[in-house]
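> Pasting a predicted model and its sequence here:
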Amino acid sequence: MRFHILTLFPDMVEQGLHTSIIGRAVEKGLLAIEAVNIRDYTVDKHKKVDDYPYGGGAGMVMQAQPIYDAYLSIVEKIGYRPRTIYLTPQGPLFTQQAAKEFALEEDVILLCGHYEGVDERVLEEIVTDYISIGDYVLTGGELPAMVLVDAISRMVPGVLKNQESGETESLEGNLLEYPQYSRPEVWQEKAVPPILLSGNHQKVDEWRREQSILRTKERRPDLFERAELSEKERKVYGE
Ligand code: ADE
């Protein structure tokens, strides 16, 4: 899968994403992450990419031309118009489900805005998906783009070492993950739950499932309402 990130700060995205698990997947050729510098495509002789908003008001607006030409350079290279995401607090919230869906794409373009916004006309022309990463305002779309690249990438087959961890983790079926423990058996007088040392895999699975359900109910009641529980589980743990 290939990510094309339209940004005024290519170093930020490239440095942030070429490390750890994502970096390893890039080296393996499972992923490609390319930052496209919007400024390289301006036709302005001073390399300007923004201007004052029509109608007045504070701040600057990113102009349509450099963004559109940077976008076209990608489209020409890959031969089609891929799904193109604009990172904005005005979009629906990003979810694990959305991450899974985007992981099926061959290419995705992510457009990072700055200043007070982007000329609406270029958004109308190129954007297929508006996405927010949370109800707060950041100074630019780069961090949100990196969040998406990370979450989508780990759903691409082969990126995680143990493909299972992509499936059984937090948020599958809208449940949080169960608590984990490692050595030592006792730390600061706190013992590991004895069932985990029992060697009884069925009991361990049951215990973990229960912990996931209780934890979700306690910490994320909003998720719990949408959790995929059996009828019996609903009866035992429900309201
Ligand atoms: N750009 C600025 N804030 C944002 C947010 N919360 N989500 C996505 N893009 C943004």
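That came in fine, so what should we check first?

> Name the residues linked to L6 by a beta bridge.
Judged by DSSP bridges, the bridge partners of L6 are V36, L111.

> How about the contacts made by it?
Shown in contact with L6 (C-beta atoms under 8 Å, 6 or more residues apart in numbering): V36, I38, I67, A70, Y71, I74, I109, L110, L111, C112. Quick note: C-beta positions are derived from backbone N, CA and C, even for glycine.

> interface residues of the chain facing the ligand?
L87, T88, P89, S132, I133, G134, Y136, V137, L138, G141, P144 (C-beta under 6 Å from any ligand atom).

> residue furthest from the geometric center of the protein?
Most distant residue from the mean C-alpha position of the chain: E189, 38.3 Å away (C-alpha atoms, centre = their mean).

> residues contacting the residue nearest to the spatial centre of the chain?
Geometric centre of the chain, nearest residue: L148, 2.3 Å, by C-alpha atoms, centre = their mean. By C-beta under 8 Å, 6+ apart, the residues touching L148 are I85, L87, F94, A99, F102, L110, I131, I133.

> Just among those residues, which is most surrounded?
Neighbour counts for those, by other C-beta atoms under 10 Å, peak at L110, which reaches 29 neighbours.

> Touching, that residue and I85? I think so.
Yes: with contact defined as C-beta atoms under 8 Å, L110 reaches I85; the gap is 5.1 Å.

> residue ranges for the strands of the chain, please.
Counting by DSSP state E, one finds strands in the chain at the ranges 2-7, 32-37, 50-51, 61-62, 83-87, 107-111, 129-131, 186-187, 190-191.

> Adding mean pLDDT as columns, could you present the ones you listed in a markdown table?
As requested, the strands of the chain are arranged in a markdown table below (pLDDT from 0 to 100):
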| stretch | mean pLDDT |
| --- | --- |
| strand 2-7 | 98 |
| strand 32-37 | 98 |
| strand 50-51 | 97 |
| strand 61-62 | 98 |
| strand 83-87 | 99 |
| strand 107-111 | 99 |
| strand 129-131 | 98 |
| strand 186-187 | 98 |
| strand 190-191 | 98 |
